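Asker: Predicted model follows, preceded by the sequence.
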Amino acid sequence: MKKKYQYPTVIQSITSIRSDLKAFADVCEIPESELRQITLVVEELFSKIVIFAFDGKDPQLLDISLSRADREITLEIIDEGDEFNPLETPLEQLMDPALIDEGGMGLSLIKAFCDSINYSRAGQKNILTIRKIIRGLSETEKR
């Protein structure tokens, strides 16, 4: 199954994102624990994109695509903000909490919850592709 959504690049869109992720998880029978991780990853990336790629700019639309194939979830986030790779945090900052600014643990959580994360720039677009393997069982699979 594949779904595509668009959201204005304003922090308030997180409420709609949560709702859409929950609906996608329900249809795709994604376990609650995995949904929480996916939601945290998307919220963290979305907020970083809004803050850094759209700093001082009028809101635009950002695309989020979700798909599930067997036990793999693929998320793609595409925006046309300033070039911004949220994965460019030095590794030493991720390993030493004393070096992380307040609210800066998000990237380490993203990396911990995902099986792969890739960033690319195509023309004027930032493209993040995230893959996550579902390890838990849904309620249907437990029966």
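Answerer: Cool, got the structure.

Asker: gap between the most centrally placed residue in the chain and residue 57?
Answerer: For the chain, the residue nearest the mean C-alpha position is residue 42 (2.5 Å; CA atoms, centre = their mean). Separation of residue 42 from residue 57 (CB to CB, to the nearest Å) stands at 21 Å. Heads up, the C-betas are built off the backbone N, CA and C, glycines and all.

Asker: Quick check: longest helix in this structure by residues?
Answerer: Longest helix of the chain, by residue count under DSSP state H: helix 32-48.

Asker: Remind me what that one packs against, helices and strands.
Answerer: The contact analysis (3 or more CB pairs under 8 Å, 6 or more residues apart in numbering; DSSP states H and E) places helix 32-48 against helix 14-28, strand 61-69, strand 72-79, helix 106-113, strand 125-133.

Asker: Using CSV, lay out those together with distance to residue 7, mean neighbour count and mean pLDDT.
Answerer: CSV is the format used below for these (distance: least, CB to CB, whole Å; neighbours: other CB atoms under 10 Å; pLDDT from 0 to 100):
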stretch, distance to residue 7, mean neighbour count, mean pLDDT
helix 14-28, 6, 15, 97
strand 61-69, 5, 17, 97
strand 72-79, 10, 19, 97
helix 106-113, 18, 16, 82
strand 125-133, 14, 18, 96
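
Asker: export the ones you listed to CSV and tack on distance to residue 8?
Answerer: CSV is the format used below for these (distance: least, CB to CB, whole Å):
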stretch, distance to residue 8
helix 14-28, 9
strand 61-69, 6
strand 72-79, 11
helix 106-113, 21
strand 125-133, 16
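
Asker: Go through the ones you listed and name the closest to residue 85.
Answerer: Nearest of the helices and strands packed on helix 32-48 to residue 85, taken as CB to CB: strand 125-133 at 7.5 Å.

Asker: List of residues touching the closest one?
Answerer: The contact list for strand 125-133 (CB atoms under 8 Å, 6 or more residues apart in numbering) reads 34, 37-38, 41, 45, 49, 53, 71-81, 83-86, 110, 113-121.
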